[in-house]
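Asks: Here's a sequence, model it:
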Amino acid sequence: MRKLPKRAFVVEDEYFVLLDVKDALTRMGCLVVHATGSLEDALNWAGKVEADFAVIDVNLKGEKVYPVAELLAERGIPFIFCTGYEKASLDPAWAGHATIQKPFSVDELVTALENWLARLD
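Replies: Numbers count the residues shown, from 1 in each chain. Now for the predicted structure:
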């Protein structure tokens with residue numbers, strides 16, 4: 001298993017998925033510096049969080065997370081989307097971005113993150 005950068009920012013509105021993501025990241029040696037499930041809080045934190053990377057859900061209680069993605073991208077914080085929708089449903093501007101499909105297992109999340117990191121190297 002590849003070691004991930006240390007500090008993670010997680011945006012996920014489904015409580016049990018959030019717990020799984022946090023658990024997977026912790027087992028990979030990461031520290032989740034902040035986790036949230038609301039768009040408003042995610043936007044606030046995306047502008048100031050000190051994180052090496054992020055895992056963000058595309059749909060937060062019916063609101064699209066793209067403003068958070070844009071802010072993270074502007075700050076140079078890499079991220080991976082997670083979504084319960086088909087990848088084709090992503091906004092075309094983000095269609096080629098690293099994405100993992102829900103539901104996913106912890107092992108699938110680890111693999112997606114490792115593959116994503118390999119692309120960034």
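
Asks: how many neighbours does residue 39 have?
Replies: Residue 39: 20 surrounding residues under other Cβ atoms under 10 Å. (Each C-beta comes from the backbone N, C-alpha and C, glycine too.)

Asks: Would you agree it is in contact with residue 62?
Replies: No: counting by Cβ atoms under 8 Å, residue 39 stays clear of residue 62, with 9.4 Å between them.

Asks: Please name the nearest non-neighbouring residue to residue 71.
Replies: Among residues not flanking residue 71 along the chain, residue 46 sits closest, at 4.3 Å (Cβ to Cβ, 6 or more residues apart in numbering).

Asks: That neighbour contacts residue 9, doesn't it?
Replies: Yes: counting by Cβ under 8 Å, residue 46 does reach residue 9; the two are 7.3 Å apart.

Asks: Neighbour count for those two, which is higher?
Replies: Legend: neighbour count by other Cβ under 10 Å for residue 46 and residue 9, higher for residue 46 (27 against 24).

Asks: show me what contacts that one?
Replies: 9, 54, 68, 71-72, 75, 77 (Cβ atoms under 8 Å, 6 or more residues apart in numbering).

Asks: For stretch 99-107, buried residues please.
Replies: 99-100, 104 (16 or more other Cβ atoms under 10 Å).

Asks: Stretch 51-64 now?
Replies: Neighbour-count burial for stretch 51-64 flags 51, 53-60 (criterion: 16+ other Cβ under 10 Å).
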